[in-house]
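> dropping the sequence and predicted coords here.
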Amino acid sequence: MGNPNYVGRHNPDYVFDYDPNEDAWTTDLATLDMSRGERFRDDTIWPFFARLRKEAPVHYCPDSLNGPYWSVTKFNDIMAVDTNHQVFSSEPSIVLFDPEEDFPLPMFIAMDPPKHDVQRKTVSPIVAPNHLAHLEPIIRERAGTLLDAVPRNEVFNWVDKISIELTTQMLATLFDFPWEDRRKLTRWSDVATAAPGQGVVESDEQRRMELMECLQYFNGLWEERVKAPPRNDLISMLAHGPSTRDMPRQEFLGNLILLIVGGNDTTRNSITGSLYALNKWPEQMRKLRDNPALIPSLVSETIRWQTPLAYMRRTALVDTELGGQQIKAGDKVVMWYVSGNRDEEVIPDADTFNIERPNVRHHLSFGFGIHRCVGNRLGEMQLRIVWEEILKRFDKIEVMGEPRRVYSSFVKGYEHLPVRIAA
């Protein structure tokens, strides 16, 4: 995946004077850098993106931690980039940070056709309709067990007790990963996207070391699966797939990180985001309780409003024009899904959480084109089941304070959400 926030590799002299009270409408656009994790951690991004959509929808940042890049902030411009892989390449990286020469992590989401297509096809049976039908009762039973076990009349962290645990259990099932070690998957997901010095890892060296431990662990699982008949889990699929069975170990690690982060971070932050949003808009919670048939709409609105991955990067293959701006071959182009999902010209009243929103599935969070999220149906199913089981059990889940958000401009998520459920 690479580290979207790592400081000092491309521009060690870069200075970012962060002011959480900075006025988004008067700051100098010529130097505005939206890729810093502080803005996301403090949830101050919204007026900056609103201004970019209004005044500079295709915006050039000449100097950032990871070099210059273009920001694309409006819905239709983002879709134009996302659906044109002939001009906007996913190689060499889908984050602002380029691969490290001595620690590359190739993964199929950061590849162009034809290699992308055959590797994606190898793992896609895991989310085929027949397999999702098999997984649904498993998810429902686990969600019910976790919800029945949460404390009553005391404050607890919803992120850890429900969001992380449920998605980690699902990930362990998809990999057929040793159950007692499943929280290793959570740890590796956090390590893969964390900025050093922000509470997860202290240094890039520690991050590398832990990811190599991940590879070593999965190498053992690979050796078991490659000697056994093909099975319906991700490691067996990769070990037996014609296009993946001979992949280099760093490429195996890269694809593992892709599957771990894609199967974990995104859904867990949507589960948390849905509860947080329904507490911010209590009239929406009343609508949901009065009409549980709105749960599928709740799922789509959550995924839009939360936007669990804030952006994807592309690299221009040729000189091109977008939004009146001249983009040069080799330029980094960032599709800010988090901004496009608040584009009022496409999504009216976009800052509001509305589970009765018309055309609620029309959002950017899954991407478009050949890289559209392969696990989108599984993520939606998990979120749907969680809310079906919540409504069976609880009259109210009360959010007791503001969440603590992740320090990242890539993963838009939560570390902690304090909640209480009355007995």
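All right, it came through fine. Treat the numbers as computed from the prediction; the structure is a model and nothing was measured.

> who touches residue 119 in this structure?
108, 111, 241, 243-244, 255 (C-beta atoms under 8 Å, 6 or more residues apart in numbering). (C-beta placed from N, C-alpha, C; glycine too.)

> from those, pick the one nearest residue 303.
Of all those, residue 303 sits closest to residue 108, with 22.1 Å by C-beta to C-beta.

> how many neighbours does that closest one have?
26 (other C-beta atoms under 10 Å).

> and the gap between the residue nearest to it when sequence neighbours are not counted and residue 101?
Distances taken as C-beta to C-beta, 6 or more residues apart in numbering put residue 119 closest to residue 108, at 3.8 Å, once the chain neighbours are dropped. From residue 119 over to residue 101 the distance is 22 Å, taken as C-beta to C-beta, to the nearest Å.

> cool, residue 123 as well?
Distance, residue 123 to residue 101, by C-beta to C-beta: 27 Å.

> who has more neighbours out of the two?
More crowded of residue 123 and residue 101, by other C-beta under 10 Å: residue 123, with 20 against 6.

> hang on, that one packs against residue 263?
No - look at residue 123 against residue 263 with C-beta atoms under 8 Å: they stay out of range, at 10.4 Å.

> stretch 380-390: how far from the chain's middle?
Computed by C-alpha atoms, centre = their mean, to the nearest Å, the chain-centroid distance of stretch 380-390 equals 18 Å.

> in it, what counts as buried?
380-387, 389-390 (16 or more other C-beta atoms under 10 Å).

> count of neighbours near residue 111?
23.

> please list all residues in contact with it.
90-91, 119.

> make it 10 Å
89-92, 94, 117-120, 251, 254-255, 371 (C-beta atoms under 10 Å, 6 or more residues apart in numbering).

> and these, which are buried?
The buried subset of the contacts of residue 111 - by 16+ other C-beta under 10 Å - is 89-91, 94, 119-120, 251, 254-255, 371.

> least confident pick among these?
pLDDT across these is lowest for residue 119, at 84.

> how far away is that residue from residue 109?
The value you get for residue 119 to residue 109, if C-beta to C-beta is used, is 9 Å.

> what do these two both touch?
With C-beta under 10 Å, 6+ apart as the test, residue 119 and residue 109 both reach 255, 258.

> quick one: buried residues of the longest helix seen in the chain?
Selection of the longest helix in the chain by residue count, based on DSSP state H, yields helix 249-280. Buried residues in helix 249-280, counted by 16+ other C-beta under 10 Å: 250-279.

> and the helices in the stretch 151-300 of the chain?
158, 165-175, 183-193, 204-227, 234-240, 249-280, 282-290, 295-306 (DSSP state H, counting those that start in this stretch).

> from the contacts of residue 111, which ones fall inside helices?
Reading helices off the contacts of residue 111 with DSSP H, I get 117-120, 251, 254-255.

> among those residues, which two are most distant?
Top of the distance list for those (C-beta to C-beta): 117 and 254, 16.7 Å.

> any chance of the contacts of residue 111 in a markdown table, with distance to residue 304 too?
Listed next are those as a markdown table, based on distance: C-beta to C-beta, whole Å:
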| residue | distance to residue 304 |
| --- | --- |
| 89 | 26 |
| 90 | 23 |
| 91 | 28 |
| 92 | 29 |
| 94 | 20 |
| 117 | 27 |
| 118 | 31 |
| 119 | 28 |
| 120 | 24 |
| 251 | 33 |
| 254 | 28 |
| 255 | 28 |
| 371 | 18 |
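
> which one among those residues gets closest to residue 44?
Taking the contacts of residue 111 together and measuring to residue 44 by C-beta to C-beta, the closest member is residue 94, at 24.5 Å.

> mind checking how far that closest one is from residue 235?
Applying C-beta to C-beta to residue 94 and residue 235 gives a distance of 23 Å.

> ok so, going back, could the buried residues of stretch 380-390 go into JSON lines alongside pLDDT and distance to residue 33?
Listed next are the buried residues of stretch 380-390 as JSON lines, based on pLDDT from 0 to 100; distance: C-beta to C-beta, whole Å:
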{"residue": "380", "pLDDT": "95", "distance to residue 33": "33"}
{"residue": "381", "pLDDT": "93", "distance to residue 33": "37"}
{"residue": "382", "pLDDT": "94", "distance to residue 33": "34"}
{"residue": "383", "pLDDT": "96", "distance to residue 33": "32"}
{"residue": "384", "pLDDT": "97", "distance to residue 33": "37"}
{"residue": "385", "pLDDT": "96", "distance to residue 33": "39"}
{"residue": "386", "pLDDT": "96", "distance to residue 33": "36"}
{"residue": "387", "pLDDT": "98", "distance to residue 33": "37"}
{"residue": "389", "pLDDT": "97", "distance to residue 33": "42"}
{"residue": "390", "pLDDT": "97", "distance to residue 33": "39"}
